[in-house]
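Visitor: Would you be able to build a 3D model of this:
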Amino acid sequence: MSSEQTYQLTPPANWADAEARLKNADWHAASIVQQVFAAFAASGEECRAIGGAVRDTLLSRPVNDLDFSTTAIPDVAARIVREAGFTVHETGLAHGTITAARDGAAYEITTLRADVETDGRHATVAFTTDWSVDAARRDFTINAFSCDRDGKLYDPVGGFVDLAAGRVRFIGDATARIREDRLRILRFFRFSGRYARGALDAEAYAAIAEEKSGLEHLSAERVRAELVRLLITPRAADVVVAMAGLGLFEIVLGRSVQPEIFSALVELEATHAITPEPMRRLSALMASMSSRDVADLQKRLRLSRQEADHLRALSRAATDLSAKTGGDPTIGVALYEHGAPAIRDGVLLVAANDPNACTGLARRLAEAQAWQKPEFPLDGSDLIAAGFEPGPALGVELARIEDAWIASVFTLSVEELRRMIRSPSDD
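Guide: The predicted model follows:
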């Protein structure tokens, strides 16, 4: 199972516990991180770890990315980290961000900012030295934590209480935060799917209901990035139901969805200890997709070719399994034709659509897991020996014999297959 599904959220018991977790965190104690803190302090500037790394440390979750904020303006920040031996990449100067890299590590360091103007997608910012102003421009209270070189925790917007309660809440007025960046609608559901317990925040839900049309103005790339992460969160079934109730999928996917089938798939994955996968879950959400549907979705979400091919393979496998109701031979042939991963997912999708349509689910999943593809016993040399010349006719004849071998569920012997070879002169 993925860490998204299995990692338990463990909020700190109190403030002292929170700061102890920060101070003792591996990332915080790392020499290279302490050197970043020390370099800014020596220059008379303040630097803190910010956002997700602090939040996840407080919840005893793994930390994968570490970002910093600082009172130093970008040019000064760049000079400070260069003098400390880091390579500087000017990755986001317009928004006050540089990247400091050394020894295989890279950290984004962003000057404290205030939003001057927003249009729902982009913000014009002004630099500040006020940590509370910078915190107020962020999205959710649990994303506005920061901590210093000593592990001291800063919480200017009340995120600690929300973290303990398992509540994802916008900072300040939810409507205002959404109008600043409409992607926050999808981020709210993604973060709720990962961090929330109990009912979703009512104020946020009401604001999203009023502002949902703003999703139409987002780029496909931004929508896709949020959606594929949202679909595999621990509470994905709950947030998908909530999103469907607001009609959000009609906006971002261009069609209605089937949250009950999605929820059934999530339950099957949990029952059979199968790692969630975004395209499988997207396929369940859409219930059924033709090749044209996949092409439309690929264009709408800017899916990669690999993702679109995956969706097509899932659709073919599920359709094939639905059409074939036989026992073990059926699954063997389907495995050969579609491959074990597609059949495993196809079995899950068929069962999610209709629990009665796929008997022996656990057995079939185990079979797909253990299956090894048999090797077709003939090759071109057998047909050349029978008089064929290399070329298209040889390939057609070889494919005909392979089809017969598959239909026998791989039981025809080499001798039987060789006897099936027609004369090259036969039409």
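Visitor: What mean pLDDT does the strand or helix carrying A284 get?
Guide: Following DSSP states H and E, one finds A284 within helix 278-286. Averaging pLDDT along helix 278-286 gives 95.
Visitor: And stretch 223-241, by the same measure?
Guide: Averaging pLDDT along stretch 223-241 yields 96.
Visitor: Just the endpoints, please. Distance across it?
Guide: End-to-end distance for stretch 223-241, by C-alpha to C-alpha, to the nearest Å: 18 Å.
Visitor: likewise stretch 18-37?
Guide: End-to-end distance of stretch 18-37 (C-alpha to C-alpha): 20 Å.
Visitor: before we move on, what about stretch 249-265?
Guide: With C-alpha to C-alpha as the measure, stretch 249-265 spans 18 Å from end to end.
Visitor: which residues are in contact with that stretch?
Guide: Under the contact criterion C-beta atoms under 8 Å, 6 or more residues apart in numbering, stretch 249-265 has outside partners 186, 212-213, 215-216, 223, 227, 236-237, 240-241, 243-244, 280-281, 284-287, 296-297, 300-301, 348-349, 351-353, 355. Where C-beta positions appear, they are placed from N, C-alpha and C, glycine not excepted.
Visitor: So which of those sit within helices?
Guide: Judged by DSSP state H, helices contain the following of these: 186, 223, 227, 236-237, 240-241, 243-244, 280-281, 284-286, 296-297, 300-301, 348-349, 351-353.
Visitor: Please check those residues and keep the buried ones.
Guide: 186, 223, 227, 236-237, 240, 243-244, 280-281, 284-286, 297, 301, 348-349, 351-353 (16 or more other C-beta atoms under 10 Å).
Visitor: Tell me which other helices or strands the helix holding A284 touches.
Guide: Based on contacts counted as 3 or more C-beta pairs under 8 Å, 6 or more residues apart in numbering; DSSP states H and E, the elements that helix 278-286 packs against are helix 220-230, helix 259-271, helix 291-301, helix 305-323, helix 340-353.
Visitor: one more time with 7 Å, if that's ok
Guide: If you count contacts as 3 or more C-beta pairs under 7 Å, 6 or more residues apart in numbering; DSSP states H and E, helix 278-286 packs onto helix 259-271, helix 305-323, helix 340-353.
Visitor: Compare those helices and report which one is nearest to L93.
Guide: helix 305-323 (32.3 Å; C-beta to C-beta).
Visitor: List the buried residues in whichever helix or strand comes after the closest one.
Guide: Downstream of helix 305-323, the first helix or strand assigned by DSSP H and E is helix 328-338. Along helix 328-338, these residues count as buried under the neighbour rule (16+ other C-beta under 10 Å): T330, I331, G332, V333, A334, L335, Y336, H338.
Visitor: If we ignore the residues flanking it in sequence, what's nearest L66?
Guide: In this structure, L66 finds its nearest non-sequential neighbour in A53, 4.7 Å apart by C-beta to C-beta, 6 or more residues apart in numbering.
Visitor: Contacts made by the helix or strand hosting the one you found with the rest, please.
Guide: Element membership of A53, judged by DSSP H and E, is helix 52-58. Residues outside helix 52-58 that contact it (C-beta atoms under 7 Å, 6 or more residues apart in numbering) are 11-12, 18, 21-22, 25, 27, 62-63, 65-67, 142-143, 145-147, 163.
Visitor: Report how many residues lie close to D201.
Guide: Neighbour count for D201, taken as other C-beta atoms under 10 Å: 20.
Visitor: Report the contact partners of it.
Guide: Residues in contact with D201, defined by C-beta under 7 Å, 6+ apart, are R167, V168, R169.
Visitor: now L361
Guide: Applying C-beta under 7 Å, 6+ apart, we find L361 in contact with V347, A351.
Visitor: One more pass at 8 Å, please.
Guide: L268, H272, V347, A351.
Visitor: Do you know the pLDDT at it?
Guide: 76.
Visitor: distance of it from W371?
Guide: Going from L361 to W371 by C-beta to C-beta, to the nearest Å gives 15 Å.
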